[in-house]
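**Student:** Fold the following and give me the result.
(one chain, ligands or ions: 1)
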Amino acid sequence: MMTPDERFEKLRCGVFIHWGLYAIPGGIWQGKEVSYIGEWIQSHCRIPNAEYAQLAGQFNPALFDADKWMKMIADAGFRYIVFTAKHHDGFAMYKSKVSPFNIVDATPFGRDVLAEIAAACKKYDVKLGIYYSHYLDWHEMDGGDPGPLYPKNHQGMSWGNDWDFPDFSQKDFKRYFEGKVLPQVKELLTNYGEVVELWCDCPLDIAPKYSEKLRDLVRELQPQCRINSRIGNGCGDFQSLGDNQVMRCRQTIPCESPITLNHTWGFKYGDEDWKPARLIAERMAFLASRNANLLVNIGPRPEGDFPEGTVKILKELARWQQTLPPCVISGSEPGVFPSGFDWGCTTTNGDTLNFFLTKKQEKIEVSGIFNRVVSADVPFEQKDSTLTLHTANIAQTLLPLVRVKLDGIPRIAPELCPQNGVLALSPALGRIIEGENGGKSSSTLGVDGVAHADTGHMTLDTDGTLRNWENPGDRIVWDAFFPQGGRYQIEVVTFMAYHARPWYGGRDVEILLDGRSVAQKHLTPDRMLENGTHPSAATVLGEIEIPANTKAEIALRVPHIDCADVKMMNLVEVRFIRQI
Ligand code: GLC
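**Tutor:** Numbers count the residues shown, from 1 in each chain. Just a heads-up that it's a prediction; the model follows:
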């Protein structure tokens, strides 16, 4: 049985492994490069099953070595994996008696890689999680298909297999679900030891009774196994964030953020645009500080080894991990400060605060600590509730850590106050006030299976961002306290919600202090913050003078909206930056 430190929430950092027949074409079909993620190649190129199945005959990954994989993963600081036992192509990457379309019966390789992975997991104390595509299965006529009236996937791709099986009326999902999904999940949860999570995907329009049946089966076979929200219909135990979505604020429910290291999940030739190891280290600490898990993807090559770019990142992470005391990320408690930090993030171990520094700083000023500091890794001083850490001489690792021991359990000010001169106001820390104008009501179901109600008012997303601000009558307010006076620059940070769309402003924003307008401006990309899947930009609104000890209600309004694609602009945070 699991000890408390082996619970999903304590493990914190995991590795997603997308491996299947799709690794063989690696994003190239009939000489043409596919412009979408690797594991979707069959749908993207509408490859007939008879042709796709021939890939199985070529699958012979001579370099596959589960022991080597798991050692690299464990050394890099990851505590669990989620392996694609069956992706949308329907091919089982384990020995299945339910369908001969599996790695043991259909390939010359003939080995049950999942069994080898499960054994290596045990050896390196890495917990095993399993990805299983419970709705989509292109190999089966009855596999999930939301039908011709349902909006298509990106670039007009079909969700279900309508190239081999175009007659939608012939499809019987129940037959597939009972004949393949339930018995395969039973195999997976019976034959491979303890499974820490079952990762379902793309529930689309799956009926509640199927999500419920699958959940009940998991409960019956392995009650401790956590299920992600993409099982659909609210049957999950934790929230899977959108792909590559970043967590912006502390979470109250169990969450996991799946991210890619390059642009694809399944291996793709030529996708060499790797995220820096430093960014992955930051995400590991950052998500733990916000009470969330991180799932970092690896797409092994058809030969069975990890791509070179991935190995490089894992090795850098391993070097950094060796500099860390145990349990400062996995095994830690989240950060205790209500405000965000400009210079990094914090996690907690009882009376000890772990400060992870993402920027080189001479010193850091932390406001709102009522404890006495007993000791710290660096010289420090305390004045009232402000702790100053002198960080100029700390060792420069991938993500430097400063530990601070307090005289007891942390006692922290509940107000939002500037930290190190920056007050970062996340929407999740404020109150949304819905005004007039708008009010249409409808509901759409996202890929994650969560219904997004379209009420004409903005919504707070699971990652703490505000979405779909299309009503000029709405506003968001925060209660803030400025212990130190001075000139503050005001910035508004917005981002694009979906995939690689360019950042687009298209509206005027206004800031009010206790009801008095202090700044108003059309959104401009004054500073681009991220160029990945969700480009975000900061707009500088202006500067204001704030006297010391000011307590104020800060409000953000959007008095004018001039873009048609309104749902594409989303608020990350408002920032007050003290000018020196
Ligand atoms: C999306 C993709 C799927 C991938 C998953 C990872 O749902 O459709 O191929 O496995 O993201 O989060």
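**Student:** alpha carbons only for contacts and neighbour counts from here, please
**Tutor:** Noted.
**Student:** Can you pull the poorly scored residue ranges out of the stretch 401-550 of the chain?
**Tutor:** Residues of the stretch 401-550 of the chain meeting the criterion pLDDT under 70: 437-455, 498-500, 530-533.
**Student:** helices and strands of the chain: which one bottoms out on pLDDT?
**Tutor:** strand 442-445 (a mean of 46; mean pLDDT, DSSP states H and E).
**Student:** what ranges do the helices span in the stretch 151-300 of the chain?
**Tutor:** Using DSSP state H, counting those that start in this stretch, the helices assigned to the stretch 151-300 of the chain run over residues 173-176, 182-191, 208-221, 277-289.
**Student:** Extract the CA atoms of the longest one and return them as PDB.
**Tutor:** Only the C-alpha atoms of helix 208-221 are listed here, as PDB (Å, rounded to 0.1, in the frame of the first residue of the first chain):
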ATOM      1  CA  PRO A 208     -21.600   9.800 -18.600                       C
ATOM      2  CA  LYS A 209     -22.400   6.100 -18.100                       C
ATOM      3  CA  TYR A 210     -19.100   5.100 -19.800                       C
ATOM      4  CA  SER A 211     -17.000   7.500 -17.800                       C
ATOM      5  CA  GLU A 212     -18.800   6.200 -14.700                       C
ATOM      6  CA  LYS A 213     -18.300   2.500 -15.600                       C
ATOM      7  CA  LEU A 214     -14.600   3.000 -16.200                       C
ATOM      8  CA  ARG A 215     -14.200   4.900 -12.900                       C
ATOM      9  CA  ASP A 216     -16.000   2.100 -11.100                       C
ATOM     10  CA  LEU A 217     -13.800  -0.500 -12.600                       C
ATOM     11  CA  VAL A 218     -10.700   1.400 -11.500                       C
ATOM     12  CA  ARG A 219     -12.100   1.800  -8.000                       C
ATOM     13  CA  GLU A 220     -12.800  -1.900  -7.800                       C
ATOM     14  CA  LEU A 221      -9.400  -3.100  -9.100                       C
END
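**Student:** Which residues belonging to that helix are considered buried?
**Tutor:** Y210, S211, E212, L214, R215, L217, V218 (16 or more other C-alpha atoms under 10 Å).
**Student:** So which residue is dead centre in this protein?
**Tutor:** S257 (1.9 Å; C-alpha atoms, centre = their mean).
**Student:** Mind telling me what element A85 is part of?
**Tutor:** A85 belongs to strand 80-86 when elements are defined using DSSP states H and E.
**Student:** what does that strand rub up against?
**Tutor:** Residues outside strand 80-86 that contact it (C-alpha atoms under 8 Å, 6 or more residues apart in numbering): 11, 13-20, 92-94, 114, 126-133, 196-197, 199.
**Student:** Of all the residues in the protein, which one is nearest the ligand?
**Tutor:** D243 (5.1 Å; C-alpha to the nearest ligand atom).
**Student:** ok, A207 - contacts?
**Tutor:** N233.
**Student:** State the pLDDT value of it.
**Tutor:** A207 is assigned 97 on the pLDDT scale.
**Student:** how about it, phi and psi?
**Tutor:** phi -70, psi 150 (degrees, to the nearest 10).
**Student:** residue contacts, Y176?
**Tutor:** Residues near Y176 by C-alpha under 8 Å, 6+ apart: E140, D142, G143.
**Student:** In JSON lines: the helices of the stretch 151-300 of the chain, plus distance to the ligand.
**Tutor:** Formatted as JSON lines, these follow (distance: least, C-alpha to the nearest ligand atom, whole Å):
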{"stretch": "helix 173-176", "distance to the ligand": "19"}
{"stretch": "helix 182-191", "distance to the ligand": "17"}
{"stretch": "helix 208-221", "distance to the ligand": "17"}
{"stretch": "helix 277-289", "distance to the ligand": "16"}
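**Student:** Which of those helices sits closest to A66?
**Tutor:** helix 182-191 (17.2 Å; C-alpha to C-alpha).
**Student:** and the end-to-end length of stretch 219-227?
**Tutor:** Using C-alpha to C-alpha, to the nearest Å, one end of stretch 219-227 lies 10 Å from the other.
**Student:** Hmm, I typed the wrong one, I wanted stretch 321-340.
**Tutor:** Length of stretch 321-340, first residue to last, C-alpha to C-alpha: 24 Å.
**Student:** which parts of that stretch are buried?
**Tutor:** In stretch 321-340, counting by 16+ other C-alpha under 10 Å, buried: 321, 328-340.
**Student:** Filter those residues down to just the ones in helices.
**Tutor:** Q321 (DSSP state H).
**Student:** ok, and which of the buried residues of stretch 321-340 reach the ligand?
**Tutor:** Restricting those to those touching the ligand (C-alpha under 6 Å from any ligand atom) yields no residues.
**Student:** Same list, the buried residues of stretch 321-340, but as a markdown table with pLDDT and distance to S169 please.
**Tutor:** Output for the buried residues of stretch 321-340, formatted as a markdown table (pLDDT from 0 to 100; distance: C-alpha to C-alpha, whole Å):
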| residue | pLDDT | distance to S169 |
| --- | --- | --- |
| Q321 | 97 | 54 |
| V328 | 97 | 55 |
| I329 | 97 | 51 |
| S330 | 96 | 49 |
| G331 | 94 | 51 |
| S332 | 96 | 52 |
| E333 | 95 | 51 |
| P334 | 95 | 50 |
| G335 | 95 | 53 |
| V336 | 94 | 55 |
| F337 | 91 | 55 |
| P338 | 83 | 53 |
| S339 | 83 | 54 |
| G340 | 81 | 53 |
